[in-house]
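Participant: this one's sequence-less:
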């Protein structure tokens, strides 16, 4: 089989500069010159060079769009945190004051009741006081959750304290462990602050709230693994799990907010759950974005 020069120029323009010659073929006096990778495009090579340039431009555009998505996600997270803080102030200053006034009003009514007042009156006051106690407890919890977490003691210290207090308050058997591949990873973990630390804390907070309120879990395990490139956060509970219909309503469980927080830092969130077998939430966050946040 023989090839002419024009045929070879097409064959030589295959990707990676390979020249395809079928088995048992012959080349008759046809010089083949393959330009260097950095050589300017010439006749017969324009198609490949143009395609490579288009691929480079496409990759750059994808990186730019991904960066913009992360910026928008970060703006959304900041807006959510600002709204949480505003609602916490409203609850503390407005609702808190009203609840306190209601407590005093009921206490005065109880002292004014005559000695021979019907037992139903005392029962009604007791029920009202119990309802107020529940409202005050809920309001206090919402105020605590709304304020930015106290991270002055460091992320590990803040999580250790909060998880312990949450377990005591909800009777949830909550544990927390963290490991690091090397001493340098321990030091890096201790330096995570601001938005990066807040992201990890909020994911843990939302996950444990879900485990206690929606999953009816008895225990939950929180682990952090500090590796060379990523911080991996895992929260696993033994609750009732998520049915397929419930997974479609991720907003109900705050899962979309967790995912947004991860995406704002260039990370990802994976949720694994089966009915009756609990739920596992795993977040992977790159160190460069986590420490720069």
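Facilitator: Received the coordinates, thanks. Nothing here was measured: the structure is a model prediction, and the numbers come from that model.
Participant: residues contacting stretch 171-190, please?
Facilitator: 154-156, 159-160, 163-164, 166-167, 208, 211-212, 217-228, 231, 287, 291 (C-beta atoms under 8 Å, 6 or more residues apart in numbering). All C-beta spots, glycine's among them, are computed from the backbone N, C-alpha and C.
Participant: could you list which of the residues you listed belong to strands?
Facilitator: Among those, the members found in strands (DSSP state E) are 219, 220, 221, 222, 223, 224, 225, 226, 231.
Participant: PyMOL command to pick out the buried ones of those residues?
Facilitator: Here is the PyMOL command that selects only those of the ones in strands among the contacts of stretch 171-190 that count as buried (16 or more other C-beta atoms under 10 Å):
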select buried, resi 220+221+222+224+225+226+231
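Participant: which secondary structure elements does the host helix or strand of residue 258 contact?
Facilitator: Using DSSP states H and E, residue 258 sits in helix 255-264. Counting by 3 or more C-beta pairs under 8 Å, 6 or more residues apart in numbering; DSSP states H and E, the packing neighbours recorded for helix 255-264 are helix 46-90, helix 194-213, strand 268-273, strand 279-286.
Participant: domains in the chain, as residue ranges please.
Facilitator: As assigned by automatic domain parsing, the chain contains the domains 2-67, 150-293.
Participant: the last one - what's its average pLDDT?
Facilitator: Going back to what we said before, that points to domain 150-293. Domain 150-293 shows a mean pLDDT of 86 in the predicted model.
Participant: repeat for the first one
Facilitator: Summarised as a single mean, pLDDT over domain 2-67 is 57.
Participant: quick one: the helix or strand containing residue 139 to helix 194-213, angle?
Facilitator: Taking DSSP H and E as the definition, residue 139 sits inside helix 119-146. Put simply, helix 119-146 runs at 150 degrees to helix 194-213, going by axes from the mean of the first three to the mean of the last three C-alpha atoms, to 10 degrees.
Participant: tell me what helix 119-146 is packed against?
Facilitator: The criterion is 3+ C-beta pairs under 8 Å, 6+ apart, and the helices and strands that helix 119-146 contacts are helix 46-90, helix 96-112.
Participant: now do it against helix 96-112, angle only.
Facilitator: 160 degrees.
Participant: quick one: average confidence on helix 119-146?
Facilitator: 76.
Participant: and residue 66, how many neighbours?
Facilitator: By other C-beta atoms under 10 Å, the residues close to residue 66 number 12.
Participant: report the beta-bridge partners for residue 231.
Facilitator: residue 226, residue 285 (DSSP bridges).
Participant: now do the contacts for it.
Facilitator: Neighbours of residue 231 in contact, by C-beta under 8 Å, 6+ apart: 189, 192, 200, 224, 225, 284, 285, 287, 290.
Participant: okay, the residues you listed in TSV with distance to residue 114 next?
Facilitator: Converted to TSV, the contacts of residue 231 look like this (distance: C-beta to C-beta, whole Å):
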residue	distance to residue 114
189	65
192	63
200	58
224	61
225	66
284	67
285	65
287	70
290	65
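Participant: closest to residue 134 among the residues you listed?
Facilitator: Comparing those against residue 134 with C-beta to C-beta picks out residue 200 as the nearest, at 30.7 Å.
Participant: measure that closest one to residue 237 for me?
Facilitator: Note on residue 200: its distance to residue 237, by C-beta to C-beta, to the nearest Å, is 18 Å.
Participant: and for residue 108, the neighbour number?
Facilitator: Quick note: residue 108 (other C-beta under 10 Å) scores 9 neighbours.
Participant: likewise residue 118?
Facilitator: Neighbours around residue 118, by other C-beta under 10 Å: 10.
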